[in-house]
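**Student:** Sequence first, then the predicted structure:
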Amino acid sequence: MADLPTHLVDLQRRVNAARMDVETHRKEVDKRRVQEADDADKARKAAGEEVPEVPRWARRLPEWTAEDDAKHMDLMAAVIEAAAALRAGVIADPGASPDYKTAQALHGAARVSAEE
């Protein structure tokens, strides 16, 4: 697919932005959880309690809060909505076909236009 309609590339950008919002939120939550775990371990050590050594990849982290879960669900709903709009746009466009080549072309076009 040589020339992609701008509205489809814009829809792909919307999907990409929504996915990035989910990833950014996850990283923020995980950073906070790591800090909370580190603070809790320091408090235990300061209180004279034993803190078991565990590999960094197997850390004991606090659970996500209800607020974190709710925000994640809202962000995922935005991803699903954006992806559905993109799919509908591709199906409705007479020059596009809902196949792998179109998906790859849209990803590439959205990436290039975001870098410009």
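**Tutor:** All right, it came through fine.

**Student:** ok, which stretches of the chain are helices?
**Tutor:** Applying DSSP state H to the chain gives helices spanning 6-46, 66-92, 100-115.

**Student:** Let me see the contact set for residue 71.
**Tutor:** Neighbouring residues of residue 71 by Cβ atoms under 8 Å, 6 or more residues apart in numbering: residue 25. No exception for glycine: its C-beta is placed from N, CA and C like everyone else's.

**Student:** Please apply the same query to residue 7.
**Tutor:** residue 89.

**Student:** now do 10 Å
**Tutor:** 89, 92-93 (Cβ atoms under 10 Å, 6 or more residues apart in numbering).

**Student:** Buried ones among these?
**Tutor:** Judged by neighbour count, with 16 or more other Cβ atoms under 10 Å as the criterion, the buried members of the contacts of residue 7 are residue 89.

**Student:** can you redo the contacts of residue 7 as CSV with distance to residue 26?
**Tutor:** Shown next, in CSV, are those (distance: Cβ to Cβ, whole Å):
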residue, distance to residue 26
89, 27
92, 32
93, 32
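
**Student:** Including mean pLDDT and distance to residue 60, could the helices of the chain go into CSV?
**Tutor:** Listed next are those as CSV, based on pLDDT from 0 to 100; distance: least, Cβ to Cβ, whole Å:
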stretch, mean pLDDT, distance to residue 60
helix 6-46, 96, 6
helix 66-92, 98, 17
helix 100-115, 86, 38
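
**Student:** among those, which is nearest residue 52?
**Tutor:** Set against residue 52 and scored by Cβ to Cβ, the helices of the chain come closest in helix 6-46, at 9.5 Å.

**Student:** picking that back up, and of the contacts of residue 7, the nearest to residue 29?
**Tutor:** Among these, and counting by Cβ to Cβ, the member closest to residue 29 is residue 89, at 31.5 Å.

**Student:** My read is that the closest one contacts residue 95, right?
**Tutor:** No - counting by Cβ atoms under 10 Å, residue 89 does not reach residue 95; the two are 11.5 Å apart.
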